[in-house]
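J.: I need the structure of the sequence given here:
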Amino acid sequence: MKVAVVGAGGWGTTLANMLAQNGIAVSLWSRRPELAEEIKICRENKAYLPGIKISNNIFISSDIERVVHDSEFVVMAVPSHSMGEIARRIARHLKDDAIIISAAKGLETDSFRRMSEVLEQELPSKFSKNIAVLSGPSHAEEVSKELPTAVVAASAVRQVAELVQDIFMNNYFRVYTNPDVVGVEIGGALKNVIAICSGISDGLGFGDNTRSALMTRGIVEITRLGIRLGAMPATFGGLSGIGDLIVTCSSLYSRNRRAGIEIGRGKTVKQVAESTKMVIEGINTTKAAFLLAKKLNIEMPITEQAYAVLFQNKNPLDAVTTLMNRRGKHEIEDIIFIEKPSQC
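T.: Got it, this is the predicted structure:
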């Protein structure tokens with residue numbers, strides 16, 4: 001068996017390392033030739049995963065054709081805004097029966113496409129039933145240290161999800177399957193929006209009460225949007241919903257939370273984005289979620305205020321005041337689990 005991991009960031013490198021430990025032949029693609037060369041020589045990804053030894057059994061290259069050629073599985077661990085471009089680049093090099101796995105969390109800003117939709121639409125139609133998503137509470141920094149982690153493999157085709165489950169499962173990385181691709185992807189993408197808000201709250205000096213409120217009401221917004229798009233409500237109570245939300249809103253490994261902390265302390269979004277080599281997925285996802293909610297006429301007040309802070313220069317304290325002074329509501333009636341699915 002051969003698996004290609006496309007994307008040599010922290011997560012892609014971690015997944016490649018884990019697959020190699022599982023006894024699988026792995027190839028890892030880096031967009032930057034100099035990074036590929038450095039990882040090959042040093043057996044360490046100093047830029048994105050410092051301190052972790054990279055298996056000698058991983059083939060590393062910046063030649064994407066060599067990496068994906070003849071691979072039974074292709075793991076797409078690239079930023080969400082690059083998914084379409086990279087999918088088009090690999091399309092003609094894929095095996096006819098290859099399984100394509102999205103390991104990215106985000107939404108396209110203009111089209112609102114989820115990553116599985118990007119893959120389905122940018123790759124030849126013969127791959128449409130071979131697409132899966134890997135998501136859940138899984139910081140690369142912890143998985144790379146073999147700390148116990150549980151995630152979800154989602155696919156519309158059960159056998160595909162189970163094949164993905166089989167290649168990743170080991171004694172520290174547990175994989176569940178789920179047929180609800182929409183719910184898994186919406187949970188994985190929108191938790192980054194709430195994580196930025198959680199960070200802003202911390203940066204403003206607020207406490208555990210505030211973070212808890214943001215997380216609880218945040219999962220309501222995520223669920224509300226997900227159900228409208230056809231997701232199953234139960235998914236948002238699972239690993240790719242509340243599980244991913246908890247870890248991303250609470251951990252300093254979360255680049256989205258860290259970005260929010262700096263914004264809460266007074267830095268601009270531009271300053272924060274330029275201060276790291278890593279993509280802060282929650283920024284673009286906030287814009288996509290806000291515009292999608294407007295299009296579908298779905299009430300998402302936390303997301304709306306996050307958009308105002310990130311894209312309209314609203315003062316974070318004013319955004320908090322706006323949220324706290326909204327009219328009174330009934331909590332249970334406000335959690336809408338009976339929306340009729342519709343496609344945008």
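
J.: tell me which residues in the strand or helix carrying residue 224 are buried?
T.: Assigning secondary structure by DSSP states H and E places residue 224 in helix 208-228. Neighbour-count burial for helix 208-228, counted by 16 or more other Cβ atoms under 10 Å, picks out 210-211, 214-215, 217-228. C-betas here are computed from N, CA, C, even on glycine.

J.: surely residue 116 meets residue 128?
T.: No. Using Cβ atoms under 8 Å, residue 116 is not in contact with residue 128; the gap is 9.7 Å.

J.: more crowded one of those two?
T.: residue 116 (25 against 15; other Cβ atoms under 10 Å).

J.: after the helix or strand encompassing the more buried one, which helix or strand is next? Please name it.
T.: Element membership for residue 116 (DSSP H and E) is helix 115-122. Scanning forward in sequence from helix 115-122 by DSSP H and E, the next helix or strand is strand 131-135.

J.: can you report how many residues lie near residue 101?
T.: 29.

J.: which pLDDT value goes with it?
T.: Note for residue 101: predicted pLDDT of 98.

J.: ditto for residue 307
T.: With respect to pLDDT, residue 307 has a value of 98.

J.: got the phi and psi for it?
T.: phi -60, psi -40 (degrees, to the nearest 10).

J.: stretch 109-126: which residues count as buried?
T.: So, applying 16+ other Cβ under 10 Å, buried residues of stretch 109-126: 109, 112, 113, 114, 115, 116, 117, 118, 119, 120, 122, 123.

J.: meant to ask about stretch 317-330, not that
T.: Buried residues in stretch 317-330 (16+ other Cβ under 10 Å): 319, 320, 323.

J.: so which of those residues are in strands?
T.: Counting by DSSP state E, no part of those is found in strands.

J.: out of these, flag the one nearest to residue 299.
T.: Nearest to residue 299 out of the buried residues of stretch 317-330 is residue 323 (Cβ to Cβ; 12.3 Å).

J.: do I have it right that that closest one meets residue 302?
T.: Yes. Shown here, residue 323 and residue 302 form a contact pair, counting by Cβ under 8 Å, at 6.7 Å.

J.: number of nearby residues for residue 44?
T.: 15.

J.: my error: substitute residue 171 in the last question.
T.: 7.

J.: wait, a helix at it?
T.: No. Using DSSP: H, G, I helix; E, B strand; the rest coil, the secondary structure at residue 171 is coil, not a helix.

J.: pLDDT at it, what is it?
T.: 98.

J.: can you list the buried residues in stretch 31-41?
T.: For stretch 31-41, using 16+ other Cβ under 10 Å, the buried residues are 35, 36, 38, 39, 40.

J.: mind checking the SS state of residue 289?
T.: Going by three-state DSSP: residue 289 is helix.

J.: for residue 178, list the residues it contacts.
T.: 152, 153, 154, 161, 184, 235, 238, 240 (Cβ atoms under 8 Å, 6 or more residues apart in numbering).

J.: of these, which belong to strands?
T.: 152, 153, 154.

J.: give me the neighbour count for the first one.
T.: Looking back up the chat, that one is residue 152. 29.

J.: so what's it bridging to?
T.: Counting by DSSP bridges, residue 152 is bridged to residue 135, residue 176.

J.: identify the residue spatially nearest to residue 20, adjacent ones excluded.
T.: residue 55 (3.9 Å; Cβ to Cβ, 6 or more residues apart in numbering).

J.: surely that neighbour is within a strand?
T.: No. The assignment for residue 55 (three-state DSSP) gives coil, which keeps it out of a strand.

J.: tell me the contacts of it?
T.: Contacts of residue 55 (Cβ under 8 Å, 6+ apart): 16, 17, 20, 21, 26, 43.

J.: next, residue 272: secondary structure please.
T.: helix.

J.: pretty sure it is touching residue 278, no?
T.: No. Residue 272 lies out of contact with residue 278 (Cβ under 8 Å); the separation is 11.4 Å.

J.: who has more neighbours out of those two?
T.: residue 272 (22 against 16).

J.: pull up the gap between that one and residue 257, please.
T.: Residue 272 is 12 Å from residue 257, where distance means Cβ to Cβ, to the nearest Å.

J.: with residue 133 instead?
T.: 23 Å.

J.: do the same with residue 287
T.: Taking Cβ to Cβ, one finds residue 287 at 18 Å from residue 257.

J.: neighbour count winner among these two?
T.: residue 257 (27 against 19).

J.: distance check, the nearest residue to residue 232 once chain neighbours are set aside against residue 227.
T.: With sequence-adjacent residues excluded and distances taken as Cβ to Cβ, 6+ apart, residue 232 is closest to residue 180, at 4.5 Å. Computed as Cβ to Cβ, the residue 180 to residue 227 distance reads 11 Å.

J.: again, but for residue 136
T.: Distance from residue 136 to residue 227, by Cβ to Cβ: 20 Å.

J.: measure how buried the nearest residue to residue 154 once chain neighbours are set aside is and give me the count.
T.: Nearest residue to residue 154, sequence neighbours excluded (Cβ to Cβ, 6+ apart): residue 184, at 4.0 Å. Per other Cβ under 10 Å, the neighbour tally for residue 184 reads 35.
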